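Trainee: With the sequence up front, the predicted model follows.
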Amino acid sequence: QVQLVESGGGLVQAGGSLRLSCEASARTFRAYDMGWFRQAPGKEREFVAAADVRGSRTNYADSVKGRFIISRENAKMRMYLQMNSLKPEDTAVYFCVTGGYSGRPADVASWGQGTQVTVSS
């Protein structure tokens with residue numbers, strides 16, 4: 001199982017940007033689709049974005065299309081989520097995952113511990 005560690009979360013004003021990073025522990029990382037989910041207080045985990053094994057195909061939730069960009073660097077075993085034009089409703093704990101390209105939590109193979117993103121209005 002791949003171990004995943006997120007970083008880059010924090011507090012930002014609405015309209016601002018943040019870049020999340022995810023570092024994987026195993027080179028088998030490059031065999032997996034990778035993605036991001038998030039969970040806001042009192043809500044279920046929801047899909048945010050995913051990239052296939054090479055990063056050549058991406059999938060985004062409608063709520064973040066045009067604002068967020070997912071990318072990965074397999075040689076460095078890292079994945080990123082560039083978040084622009086942030087809104088208060090983007091406030092959540094963001095999780096790095098392996099699998100989950102479909103957007104379904106049941107298809108996720110591994111979860112990171114999460115990083116908090118807070119967007120103030």
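Mentor: Okay, I see it. Numbering: from 1, shown residues only.
Trainee: The nearest residue to residue 120 once chain neighbours are set aside and residue 90: what is the separation?
Mentor: Sequence neighbours aside, residue 13 is the residue nearest to residue 120 in space, at 5.4 Å (criterion: CB to CB, 6 or more residues apart in numbering). Using the backbone N, CA and C atoms, a C-beta is placed for each residue, glycine as well. Using CB to CB, to the nearest Å, one obtains 12 Å as the distance from residue 13 to residue 90.
Trainee: between these two, what contacts are shared?
Mentor: When contacts are counted by CB atoms under 8 Å, 6 or more residues apart in numbering, the set common to residue 13 and residue 90 consists of residue 119.
Trainee: So if I had to pick from these two, which one is more boxed in?
Mentor: Legend: neighbour count by other CB atoms under 10 Å for residue 13 and residue 90, higher for residue 90 (22 against 10).
Trainee: how about that one, what does it touch?
Mentor: Residue 90 touches 38, 64, 83, 117, 119, counting by CB under 8 Å, 6+ apart.
Trainee: among these, which ones are buried?
Mentor: If you count burial by 16 or more other CB atoms under 10 Å, the buried members of the contacts of residue 90 come out as 38, 64, 83, 117, 119.
Trainee: Just those residues: which are in strands?
Mentor: With strands identified by DSSP state E, the entries of the buried ones among the contacts of residue 90 that belong to them are 38, 83, 117, 119.
Trainee: Please export the C-alpha coordinates of the host helix or strand of residue 98 as CSV.
Mentor: Under the assignment given by DSSP states H and E, the secondary-structure element containing residue 98 is strand 92-99. Below are the C-alpha coordinates for strand 92-99, written out as CSV (Å, rounded to 0.1, in the frame of the first residue of the first chain):
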residue,chain,number,x,y,z
ALA,A,92,-12.4,21.5,3.8
VAL,A,93,-9.8,18.9,4.7
TYR,A,94,-8.2,17.8,1.4
PHE,A,95,-7.1,14.2,1.0
CYS,A,96,-4.6,12.8,-1.5
VAL,A,97,-5.6,9.4,-2.8
THR,A,98,-4.5,6.6,-5.1
GLY,A,99,-7.2,5.4,-7.5
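Trainee: mean confidence score for that strand?
Mentor: Average pLDDT, strand 92-99: 96.
Trainee: Sounds good, over and out.
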